[in-house]
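Enquirer: build the 3D model from these lines:
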Amino acid sequence: MGGRCAVARLVVSAAALAVGAGFLPGTAQAAGPATPGVSAPPPESAPDEAAASESGTFRSPAERTVRTALPGAGAKDASAQASADASNLELAMWADIRTARSVSFGVNLYNGAPVPHEVTIDWGDGTTHQATTNGGEILRDVRHTYPRPGDYTITVTATDSVNHVQAVNQLQFSTAGSFFVPHAPTRLLDTRAGTGAAKAKVGAYTPVRLKIAGSAKVPAGVAAVVLNVTVTNTTAAGHVSVYPSGRERPESSNLNYDAGQTVPNQVIVPVGKDGYTSLNPVRFVDTREGLGTARGQVAGQGTFDVQITGRSGIPAGATAVALNVTVTDPKQAGHLTVFPSGQTAPSTSNLNFTPGQTVANSVIVPVGTDGKINVRNGAWAGTDVIIDVVGYYGAGSKAAFTSTTPGIWKGAPWRLMDSRRLPAGSWPCLAGGYYPMDMDSMNRGDLPIEAYVLNLTVAGTTGAGHLSVAPDPYSMDAYRNGRPTPPPRPTTSALNWTAGKDISNLVQAKPGPDEIVDLWNQSTREVHYVVDWFGEYDAY
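Expert: Next up is the predicted model:
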């Protein structure tokens, strides 16, 4: 985590994990062409596991090939096996990650005789792909989508019936998707107390290395972690970027702050253990109106519960829920904590506020056994609370998370848009208007995208307002060929701001049928948008 032009205290809490897991047999079928090509010498060796995870390509070198004589080769003695051993047929294999659960596979029949070979690709999930190609040629871009994220063994068998030789090689492949495991909110870093790092403010342009795996019962195989990052006691304006150790610091920011501010944001989103299902944002709680709980401000140190399951299509088996939580009109400074019902409130916070401030934050929280969550006001005076539900995790869910796509494997987070720096110059979103953001270029798989994980920043504000995010019912062609009637204005909010403040929040955005997400400027002044891509949920 790096800062800009300031020193500050950092507080980091973990809420959930994304970890690898085994696979479940299924019936997914291979898709895409099996394009032969001219054979070339295979790579001499495969990259190690770390290199594979960095490049997105898994390999099995030709020297791992095992050749055997076919039954009925003619000779009854060792001469048939000797003939097989003398064959030069080798299989060099590679697999490129495409989406959370899909692979683009290739095999080089190196040094094979120029006769037809029957090739069988066993994907390791109970399904196979058949192809015929000559020895010395390459099968390219054979596509397959796995039924679940996980680790798979791909086995290729090439049979040369003319020369009575069969060659076999195997490749270990891990999907980009991972499973969601709820984790009790736990404080991993607090530079005020010396937890997880030195007891001192973080200097300007100074990174802090935070150990995740092995801390607070986080397993060594963790693929991602859901963090709530809070900056406090800041001495100048700046921003914080959170990114994997060993990677270059991205240009994107996770949260922005001014001198003297306390600002939180959720920064990394996991996959649901059994997937994720997005919703059109639905307002579940508004204490100003008595929606979802008693009408009136939540008293200082007060707690209320919210029924989650059984509402707006959220099933009884939901294990966690994705929320956008907003505090408005607080009477004193404080914080809000969201946690599963049936548990004691943790010492962590989900968002912090000052008197009179309106502030929002993205929250993922496990659901209690009774289908409820609890919300606690950590201040000593009252505040209003608004909760919008944007999705849930559970056995009936229909998407898996990945933070990788072809071409930008090492680029997450990746800046999609900055209206301050468009090629044609500055192009702010007008007051009360909306910006239809075309996400189609990010969908490079064969399956639809359930939701995109974005970090949104509003900049250049000259008045108060809030941002809404919603799926757009139209296509980009409809906008190019004549502006359609604007979609219904959303009643939910994703982030709130005041004049002169740059505000960020992480959003799980459901696209419309043509991959368009609308950003609504719900204010009376124009603003600029900065959008960073952190991942996506690929549909099952």
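Enquirer: end-to-end on stretch 99-119?
Expert: Length of stretch 99-119, first residue to last, Cα to Cα, to the nearest Å: 25 Å.
Enquirer: just for the stretch 201-350 of the chain, where's the confidence low?
Expert: Within the stretch 201-350 of the chain, the segments meeting pLDDT under 70 span 213-214, 219-224, 244-247, 252, 267-275.
Enquirer: what segments of this protein are helices?
Expert: With DSSP state H, the ranges of helices along the chain come out as 49-55, 79-86, 476-480.
Enquirer: report the buried residues of stretch 509-517.
Expert: The neighbour-count check on stretch 509-517 (16 or more other Cβ atoms under 10 Å) flags 509-512, 514-517 as buried. Quick note: C-beta positions are derived from backbone N, CA and C, even for glycine.
Enquirer: contacting residues around that stretch?
Expert: Here stretch 509-517 makes contact (Cβ atoms under 8 Å, 6 or more residues apart in numbering) with 278-280, 390-391, 436-440, 442-443, 449-454, 469-476, 518.
Enquirer: what are the C-alpha coordinates of it, in PDB please?
Expert: Only the C-alpha atoms of stretch 509-517 are listed here, as PDB (Å, rounded to 0.1, in the frame of the first residue of the first chain):
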ATOM      1  CA  ALA A 509     -21.900  -3.300 -11.100                       C
ATOM      2  CA  LYS A 510     -24.500  -5.400 -12.900                       C
ATOM      3  CA  PRO A 511     -24.500  -4.700 -16.700                       C
ATOM      4  CA  GLY A 512     -27.500  -4.500 -19.000                       C
ATOM      5  CA  PRO A 513     -28.200  -7.000 -21.700                       C
ATOM      6  CA  ASP A 514     -25.600  -5.300 -24.000                       C
ATOM      7  CA  GLU A 515     -22.900  -4.900 -21.400                       C
ATOM      8  CA  ILE A 516     -23.600  -1.300 -20.500                       C
ATOM      9  CA  VAL A 517     -23.300   0.100 -17.000                       C
END
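Enquirer: run the chain-centre distance for that stretch.
Expert: Distance, stretch centre to chain centre, for stretch 509-517: 16 Å (Cα atoms, centre = their mean, to the nearest Å).
Enquirer: before we move on, what about stretch 317-324?
Expert: Distance of stretch 317-324 from its chain centroid, counting by Cα atoms, centre = their mean, is 16 Å.
Enquirer: now swap in stretch 302-320 and tell me
Expert: Worked out by Cα atoms, centre = their mean, stretch 302-320 lies 23 Å from the chain centre.
Enquirer: and for stretch 525-540?
Expert: Stretch 525-540 has its C-alpha centroid displaced from the chain centroid by 11 Å (Cα atoms, centre = their mean).
Enquirer: nearest to residue 359, of the buried residues of stretch 509-517?
Expert: Nearest to residue 359 among the buried residues of stretch 509-517 is residue 509, at 19.8 Å by Cβ to Cβ.
Enquirer: just flag the most distant two among the buried residues of stretch 509-517.
Expert: Taking Cβ to Cβ, the two most distant members of the buried residues of stretch 509-517 are 509 and 514; they sit 14.2 Å apart.
Enquirer: which of the buried residues of stretch 509-517 lies closest to residue 310?
Expert: When those are compared for distance to residue 310 (Cβ to Cβ), residue 510 wins out at 20.8 Å.
Enquirer: all strands for the stretch 51-200 of the chain, in order.
Expert: For the stretch 51-200 of the chain, the strands defined by DSSP state E, counting those that start in this stretch occupy 57-60, 66-69, 90-97, 102-110, 116-122, 128-134, 137-145, 151-160, 165-174, 179-190.
Enquirer: reformat these as JSON lines; add distance to residue 385, mean neighbour count and mean pLDDT.
Expert: Listed next are the strands of the stretch 51-200 of the chain as JSON lines, based on distance: least, Cβ to Cβ, whole Å; neighbours: other Cβ atoms under 10 Å; pLDDT from 0 to 100:
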{"stretch": "strand 57-60", "distance to residue 385": "47", "mean neighbour count": "21", "mean pLDDT": "91"}
{"stretch": "strand 66-69", "distance to residue 385": "63", "mean neighbour count": "17", "mean pLDDT": "90"}
{"stretch": "strand 90-97", "distance to residue 385": "40", "mean neighbour count": "24", "mean pLDDT": "93"}
{"stretch": "strand 102-110", "distance to residue 385": "40", "mean neighbour count": "23", "mean pLDDT": "93"}
{"stretch": "strand 116-122", "distance to residue 385": "53", "mean neighbour count": "19", "mean pLDDT": "96"}
{"stretch": "strand 128-134", "distance to residue 385": "53", "mean neighbour count": "16", "mean pLDDT": "95"}
{"stretch": "strand 137-145", "distance to residue 385": "41", "mean neighbour count": "21", "mean pLDDT": "93"}
{"stretch": "strand 151-160", "distance to residue 385": "42", "mean neighbour count": "19", "mean pLDDT": "95"}
{"stretch": "strand 165-174", "distance to residue 385": "41", "mean neighbour count": "21", "mean pLDDT": "94"}
{"stretch": "strand 179-190", "distance to residue 385": "18", "mean neighbour count": "21", "mean pLDDT": "70"}
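Enquirer: tabulate those in CSV, adding columns for distance to residue 465.
Expert: Below are those laid out as CSV (distance: least, Cβ to Cβ, whole Å):
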stretch, distance to residue 465
strand 57-60, 45
strand 66-69, 66
strand 90-97, 39
strand 102-110, 40
strand 116-122, 54
strand 128-134, 53
strand 137-145, 42
strand 151-160, 46
strand 165-174, 43
strand 179-190, 30
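Enquirer: ok, which of those strands comes nearest residue 217?
Expert: Minimum separation from residue 217 across the strands of the stretch 51-200 of the chain (Cβ to Cβ) falls at strand 179-190, 7.8 Å.
Enquirer: list the contacts for residue 286?
Expert: Contact analysis of residue 286 by Cβ under 8 Å, 6+ apart lists 292, 384-387.
Enquirer: what of residue 337?
Expert: Contacts for residue 337 were tallied using Cβ under 8 Å, 6+ apart; they are 185, 345-346, 348-350, 375-376, 378.
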